[in-house]
Every structure is written in C-alpha cells, then in structure tokens.
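>>> sequence first, then the predicted structure:
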Amino acid sequence: MNKEEMYSACAAFHGHSCGGLLVGFRAALYAMELLGIEERAGDEELVCVAENDACGVDAIQALLGCTAGKGNLIFRLRGKQAFSFFDRKSGKAFRIVLKEKKFASKEEKQKFMREAASADIFSVEEARFELPREARIYRSMPCANCGEVTAEPWLRVKEGKLLCLDCAEEE
C-alpha cells in the first residue's frame, strides 16, 4: 500500500480527513520507519502511549494496530501531540513529539505535513517511562447494588458490599 492509500484508509477509519488525522498519520509512519516495520501489529507486540485523545490517535489505530481494546493503545492524557512507542520484540522505545511551527495558512500547513521529512515535523527522544505491562484480563463480579457485572479493579468495598464505581459514588 502506498502513502496515499494508507492515508485514505486512515480517513475512512476516522470518518473524514483533517489536520489532526494528518499529524497522527505522519507520527505512525515515522514510528514504522524508526521501528523498521512495514505493517500493523498483529497483536500486542507494538504499544503506543498517546498523550492526547484527538483525531491523530485514529491514524495510529488504523496503521499500527494499537487499540484500546487490545490494551496496546494507552492514553496518558497531557494535551500534547506526543506519542511514545514500544516494541516488545526488539525492546526499542521512543517518544515522538510534534514540533512547534507557524504557518501562513491551513493549506501551507497541510502541504508541509504531507511532504516534509519526518524529522522536520517531529522531534524524537527517549521514552519517559517504562514499557507498560501487557493487558490483563480480570474476573468480573456483579455490583451488590445495581447488579451490573464489573471488572474487579473497578469494584469498591463499602460496608462489606462490592459496589461498582457509580454505586459507590452514590453512597
């Protein structure tokens, strides 16, 4: 798949094309380059820790196979266009951060984001934290108040009863 086809796949996944999606698209391409990979992760071998929950994260999911459901897309919300990547197989880890740059127009910015070298768009540094552990599967229990089945880490004990967070907060 060429770059345009890859971007089209990201836009289809996201629902539209926009500047934020383009940031994530270029970050994903740069991560692939730095990791020496050519296709999306099949399972949890590649991990992305996103410091935002904006449009670009959808490109990371579409291109790299990092998803919240598999536990290899983790949100560490800081409001920054920054993404840390970890390759469980090779041990490589780094953080990609969008560089601050002023543009005269939206069109000029999009042209730059599409055509510039990755190193001109992003800075790369060491990951700031350890590789997150693999996703865990927890036992689920019913809430003693509402009866909804809830994963154990999200239950709270109140007056000897296991309560989901919503019911625990109401008490």
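Perfect, thanks for sending it. Numbers count the residues shown, from 1 in each chain.
>>> and stretch 152-169, which residues are buried?
155, 162-164, 167-168 (16 or more other Cβ atoms under 10 Å). Heads up, the C-betas are built off the backbone N, CA and C, glycines and all.
>>> the helix or strand harbouring Val47: what's the following helix or strand?
Using DSSP states H and E, Val47 sits within strand 46-50. Per DSSP H and E, strand 46-50 leads on to helix 56-64 as the next helix or strand towards the C-terminus.
>>> after that following helix, next one along is what?
Using DSSP H and E, the helix or strand that follows helix 56-64 towards the C-terminus is strand 73-75.
>>> partner strands of that next one and their direction?
Note on strand 73-75: by DSSP bridges, its sheet partners are strand 46-50 (parallel).
>>> and the partner strand with helix 56-64, angle?
Counting by axes from the mean of the first three to the mean of the last three Cα atoms, to 10 degrees, strand 46-50 lies at 170 degrees to helix 56-64.
>>> tell me the mean pLDDT for strand 46-50?
For strand 46-50, the mean per-residue pLDDT is 96.
>>> which residues are contacting it?
Here strand 46-50 makes contact (Cβ atoms under 8 Å, 6 or more residues apart in numbering) with 31, 35, 37, 56-57, 60, 64-66, 72-76, 82-88, 127, 129, 131-132.
>>> max-length helix in the protein?
helix 19-35 (DSSP state H).
>>> residues in contact with it?
With contact meaning Cβ under 8 Å, 6+ apart, helix 19-35 is reached by 3, 6-7, 10-11, 14, 38, 46, 48, 54-60, 63-64, 81, 83, 85, 87, 90, 92, 94, 96, 98, 106, 109-110, 113-114, 118, 121-122, 124.
>>> now do that helix against helix 56-64: the angle between them, please.
Going by the same axes, to 10 degrees, helix 19-35 makes 40 degrees with helix 56-64.
>>> export helix 19-35 to PDB, keeping only CA atoms.
Output in PDB follows, covering the C-alpha atoms of helix 19-35 (Å, rounded to 0.1, in the frame of the first residue of the first chain):
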ATOM      1  CA  GLY A  19      -5.200  18.200  10.100                       C
ATOM      2  CA  GLY A  20      -5.300  16.200  13.300                       C
ATOM      3  CA  LEU A  21      -5.600  12.900  11.500                       C
ATOM      4  CA  LEU A  22      -2.600  14.000   9.300                       C
ATOM      5  CA  VAL A  23      -0.500  14.500  12.500                       C
ATOM      6  CA  GLY A  24      -1.200  11.000  13.700                       C
ATOM      7  CA  PHE A  25      -0.700   9.600  10.200                       C
ATOM      8  CA  ARG A  26       2.800  11.100  10.000                       C
ATOM      9  CA  ALA A  27       3.600  10.100  13.500                       C
ATOM     10  CA  ALA A  28       2.600   6.500  12.700                       C
ATOM     11  CA  LEU A  29       4.700   6.500   9.500                       C
ATOM     12  CA  TYR A  30       7.700   7.800  11.400                       C
ATOM     13  CA  ALA A  31       7.200   5.200  14.100                       C
ATOM     14  CA  MET A  32       7.100   2.500  11.400                       C
ATOM     15  CA  GLU A  33      10.300   3.900  10.000                       C
ATOM     16  CA  LEU A  34      12.100   4.100  13.300                       C
ATOM     17  CA  LEU A  35      11.000   0.600  14.300                       C
END
